[in-house]
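K.L.:
Below are the sequence and a predicted model for it; my questions follow.
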Amino acid sequence: MIMPNVAIIILNWNGWEDTVECLESLFQINYPNFDVVLIDNDSDDGSIEKIRQYCSGDLRINSKFFKDASANKPIEIFEYTEEESKRSPKPNKSLKGVSKQLFLIKNNQNQGFTGGNNIGINFALGTIDPDYVLLLNNDTVVDKNFLGELVFYAEENLYVGVMGPKIYYYDMPNQIQVTSARLDLWTGRNSLVGDGEIDHGQYNSISVTDYVSGACFFIRRDVIDKVGGLDSNFKCYWEETDYCMSVRKLGYKCIYYPNAMIWHKVSKSTNKVKGILTYYMARNMFWFMKKHADVSHTVVFLLFFFGLKIWYVLIDFLYRKRYVEIPFFLKGIKDGIK
C-alpha cells in the first residue's frame, strides 16, 4: 500500500543551526512517504554551505531530543534558483517519496514568511504533486510519529482542511505553547489555548479550532487547489488565521490533533529584526478584519480598539520601557487602515 505523499516546506533565513536540527528530526521520523522542500530566504550567514555539509554527513547534529544518525546520510540535494523553481523542474529520475533527498530553493531576496512558503508550495505542486502540504518552521523539532498521526486522521476524516499538532516549548519540553486557538471577531483578539501550562493530559482530546499555528500547518491538497497559497499581503503574522478563515468558509474544519507533537523555539527569525513583530501584528490585524469581518463586527472592533486596546498597549509599552516599539505599533495601525 502506497501511503499519501506529504511535501514538507521549510524556510531558512540566517538560521542554519535551527534548520539542520529540524531536518535531522524529520529524517528520523517513521512515516515513509514525504519530501522536504527547503527555501533559503537569501541568507548571508553561510547557511547554504552548512546545509550542504549536513546532507553530506560532514556536520554532526547535537540535540537533546535525538541522537545524530549517520546512517541516514548522505542526503541527496537538488538545488534550484528561485527562477528555476518557478518552472516546476522535473528531475531525471522519479524522486517522489524518496526520503533521503532534499529540494533546496535559493531565493535571491528575502520573500518573507508568506512569499517564501508560497514559492515552496508552488514548487511542490508542480514538481512533487503531493497529497498534503506541511508548512513547518525551521526552529522546530518533531516527534517521530507526528506526520503519520496527521496523515492517518486526515485520510479518515475528509472534512478536515487544516490540522495542527500539540506544540511544546523547546526549552521546556513538557510546557505547552499551542493546542487549539481561539479568535474573537468582535474584538480582533486571538488566543492560544494552553499556552504556558505544564502538560498533564488536559488537552488530549481532538477538537475543532478557529485556526492552526503557522509553526506546523498541515493542509489537504484539495484545500490548496481551492484556496491557493498564503495571502502574500500578510508577509508574516495573521497569515495562518487568514488561511484558516478562508478554509472554514468553504465548509472544511480546522483540527487540533494532540497525538501529533512538536517542539518550537518560537519566533527565532522575526526576533532578529527589532519591531517587526509589533508592526506586522498591528497592521495585519486590521487587514484581516477588513478581509473577513462583516459590518457589525467591524464597527464593534473599531470601537473596542480605539476606545480601549490602543491605550492599553501604549501604556504597557511605556511601563515596560519598550519605547522603540511605539512607532512600529502606530505605523502598523496606519498602514493597516489604508
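P.N.:
Received the coordinates, thanks.
K.L.:
where exactly do the strands run in the protein?
P.N.:
For the chain, the strands defined by DSSP state E cover 6-12, 34-40, 76-81, 101-106, 132-136, 140-142, 160-169, 176-178, 181-184, 189-192, 207-208, 216-220, 253-264.
K.L.:
Those strands: which one's closest to residue 308?
P.N.:
When the strands of the chain are compared by CB to CB, strand 189-192 sits nearest residue 308, at 11.1 Å. All C-beta atoms are positioned from the backbone trio N, CA, C, and that covers glycine.
K.L.:
Tell me the strands beside that closest one, with direction?
P.N.:
The strands beside strand 189-192 in its sheet (DSSP bridges) come out as strand 181-184 (antiparallel).
K.L.:
List the buried residues for the strand it pairs with?
P.N.:
Across strand 181-184, burial judged by 16 or more other CB atoms under 10 Å covers 181, 183.
K.L.:
ok, residues contacting that strand?
P.N.:
Contacts with strand 181-184, where a contact means CB atoms under 8 Å, 6 or more residues apart in numbering, come from 189-193, 209-213, 241, 245, 256.
K.L.:
right, and out of those residues, which lies closest to residue 53?
P.N.:
Residue 53 has its nearest neighbour among the contacts of strand 181-184 in residue 213, at 30.5 Å by CB to CB.
K.L.:
Where do the helices of the stretch 101-250 of the chain begin and end?
P.N.:
Here the stretch 101-250 of the chain has its helices, by DSSP state H, counting those that start in this stretch, at 112-123, 146-156, 221-227, 239-249.
K.L.:
Against which helices or strands is the longest one packed?
P.N.:
Packing partners of helix 112-123 (3 or more CB pairs under 8 Å, 6 or more residues apart in numbering; DSSP states H and E): strand 6-12, strand 34-40, helix 82-85, strand 101-106, strand 132-136.
K.L.:
Any idea how far the last one is from the middle of the chain?
P.N.:
Taking CA atoms, centre = their mean, to the nearest Å, one finds the center of strand 132-136 at 8 Å from the center of the full chain.
K.L.:
quick one, it and strand 6-12 angle?
P.N.:
Between strand 132-136 and strand 6-12, the angle comes out at 20 degrees (axes from the mean of the first three to the mean of the last three CA atoms, to 10 degrees).
K.L.:
Which elements pack onto strand 132-136?
P.N.:
Applying 3+ CB pairs under 8 Å, 6+ apart, we find strand 132-136 packed against strand 6-12, helix 112-123, helix 146-156, strand 216-220, helix 221-227.
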